[in-house]
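Undergrad: Give me coordinates for this.
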Amino acid sequence: MNIYALVKRTFDTEEKIVVKNGAIQEDGAEFIINPYDEYAVEEAIQVRDEHGGEVTVLSIGGEDAEKQLRTALAMGADKAVLINTEDDLDEMDEFSAAKIISEYLKDKDADLIIAGNVAIDGGSGQVGPRVAELLGINYVTTITELKIDGTSATLVRDVEGDSETIETSLPLLVTAQQGLNEPRYPSLPGIMKAKKKPLEELELDDLDLDEDDVEAKTKTVDIFMPPEKAAGRVLEGDISDQVSELVNLLNKEAKVI
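TA: Sure, this is the predicted structure:
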């Protein structure tokens, strides 16, 4: 099988985000593979191990993203591709990313493409479905189980606190939800092997694209931290006194009744 896993470089989920002058400050920040993309890489490796084939991890961005691709290679992916947009694009949105990825994949005869359900920095969940639409292939989002039999696939997807089972066919794009698997940690031998695995770097010119072809359709107007919440209050006394005080606070302070 020819399998691709889409990987994005994002802030570490444990990192304290600093916003200054309407922009996130990246100096000194730690970056990781988007956590949902780790499920995608793990599932790609498991499918390859069961059915044979090759896993390629694909990312867009600057040279800094090479670290996250090497981590995916250390997990067990076979090769990596970085489409470097650092010198070409100042802003990139879901349209830009999907256009670039689909242009790369259009002649690769992918059997299975796996992306994370969402990226933790944007949370739109749009890139995977957009790629599938541009490629004209089937797609299923938020999957928690995947079984492949020849060119057929049976999937379980998460839907509003419940689940549904879907049968479809390859080629197929899926987005991985938490619970699909348990991503492995790169082992020391895996880290050493990853240094020798191929990592191809391309630019927009290599895809016959220019900046106008992938110009962002949306614009970020401002980035700001949510307002700090006031400390909570603990009501004391008898239940009747607490109820009376609560009603008074809701009426005069919160002004919701």
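
Undergrad: Now the closest residue to Leu199 other than its chain neighbours: which helix or strand?
TA: In space, and not counting its chain neighbours, Leu199 is closest to Ala80: 4.4 Å by CB to CB, 6 or more residues apart in numbering. No exception for glycine: its C-beta is placed from N, CA and C like everyone else's. In this assignment (DSSP states H and E), Ala80 forms part of strand 79-84.

Undergrad: Centre of the chain to that strand, how far?
TA: 16 Å (CA atoms, centre = their mean, to the nearest Å).

Undergrad: let's have the chain start at 92 instead
TA: From this message on, residue numbering opens at 92, which makes the last subject strand 170-175.

Undergrad: Which other helices and strands does that strand contact?
TA: strand 145-152, helix 157-166, helix 185-196, strand 290-293 (3 or more CB pairs under 8 Å, 6 or more residues apart in numbering; DSSP states H and E).

Undergrad: please redo it, this time with the cut-off set to 6 Å
TA: If you count contacts as 3 or more CB pairs under 6 Å, 6 or more residues apart in numbering; DSSP states H and E, strand 170-175 packs onto strand 145-152, strand 290-293.

Undergrad: between it and strand 145-152, how big is the angle?
TA: If you take axes from the mean of the first three to the mean of the last three CA atoms, to 10 degrees, strand 170-175 sits at 20 degrees to strand 145-152.

Undergrad: Run through who's touching strand 170-175.
TA: Strand 170-175 is contacted by residues 147-151, 156, 160, 164, 191, 288-294 when judged by CB atoms under 6 Å, 6 or more residues apart in numbering.

Undergrad: Check stretch 288-308 too.
TA: By CB under 6 Å, 6+ apart, stretch 288-308 touches 164, 170-175, 179, 182-184, 186-187, 190-191, 194-195.

Undergrad: Ends of stretch 138-153, what's the gap?
TA: Terminal residues of stretch 138-153 are spaced 29 Å apart (CA to CA, to the nearest Å).

Undergrad: Pull out the buried positions in that stretch.
TA: Val138, Arg139, Val146, Thr147, Val148, Leu149, Ser150, Ile151, Gly152 (16 or more other CB atoms under 10 Å).

Undergrad: Please name the residues that touch Ile282.
TA: Ala165.

Undergrad: nearest spatial neighbour of Gly213, skipping sequence neighbours?
TA: That would be Glu185: by CB to CB, 6+ apart, it lies 7.7 Å from Gly213.

Undergrad: try Gly207
TA: That would be Tyr127: by CB to CB, 6+ apart, it lies 2.9 Å from Gly207.

Undergrad: Just give the number of residues close to the one you found.
TA: 23 (other CB atoms under 10 Å).
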